[in-house]
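Q: model this:
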Amino acid sequence: MLSLFPELLFLGPFSALFIRLALGFVFGYATVHHFKSIDTVVRVFAIVEGAVAVALVLGAWTQLAAVLGVCLVGAWFILPKLRAVALGTALLSLVLSFTLLLTGAGPVAFDLPL
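A: As a prediction, the model looks like this:
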């Protein structure tokens, strides 16, 4: 099948970069939202979210960050007080985390496939 925009196909290898950045910004937003809370458990959760966000944006230990991202999003579903984003965003974050777990970090990252 012919591509509708063949001049954009050169960006294909950078798709993992765009996924990492989007997911990192979602976790960064949740971190900022959770640091406003006075609950200690929520603040500890925010520290983990922040570490995952930084790792994803930098592309360091991406698959480990993706596994932690799956766990964090799972916690969003189990404990609704921890969910700082809409339900649709949480579902999309789950899919993006699984995608990064399977595909890896992409070309612009500190992770290098062995």
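
Q: pLDDT below threshold where in this structure?
A: Applying pLDDT under 70 to the chain flags the ranges 1, 112-114.

Q: quick one: what helix or strand has the residue nearest in space to the middle of the chain in it?
A: The centre of the chain sits closest to Leu23, judged by CA atoms, centre = their mean, with a distance of 2.9 Å. Per DSSP states H and E, Leu23 falls inside helix 15-35.

Q: And that helix, what's buried?
A: 16-17, 19-20, 23-24, 26-28, 30-31, 33-34 (16 or more other CB atoms under 10 Å). For every residue, glycine as well, the C-beta is placed using N, CA and C.

Q: With stretch 72-84 instead?
A: Under 16+ other CB under 10 Å, the buried positions of stretch 72-84 are 72-73, 76, 82-84.

Q: And stretch 104-112, by the same measure?
A: Here stretch 104-112 shows 104-106, 109, 111 as buried, counting by 16+ other CB under 10 Å.

Q: elements contacting the helix or strand following the helix holding Leu23?
A: The helix or strand immediately downstream of helix 15-35 is helix 40-58, counting by DSSP H and E. Here helix 40-58 touches helix 15-35, helix 62-78, going by 3 or more CB pairs under 8 Å, 6 or more residues apart in numbering; DSSP states H and E.

Q: Show me what the longest one is packed up against.
A: In terms of contacts (3+ CB pairs under 8 Å, 6+ apart), helix 15-35 is packed against helix 40-58, helix 62-78, helix 87-103.

Q: Please repeat the previous calculation with a cut-off of 6 Å.
A: Judged by 3 or more CB pairs under 6 Å, 6 or more residues apart in numbering; DSSP states H and E, helix 15-35 is in contact with helix 40-58, helix 87-103.
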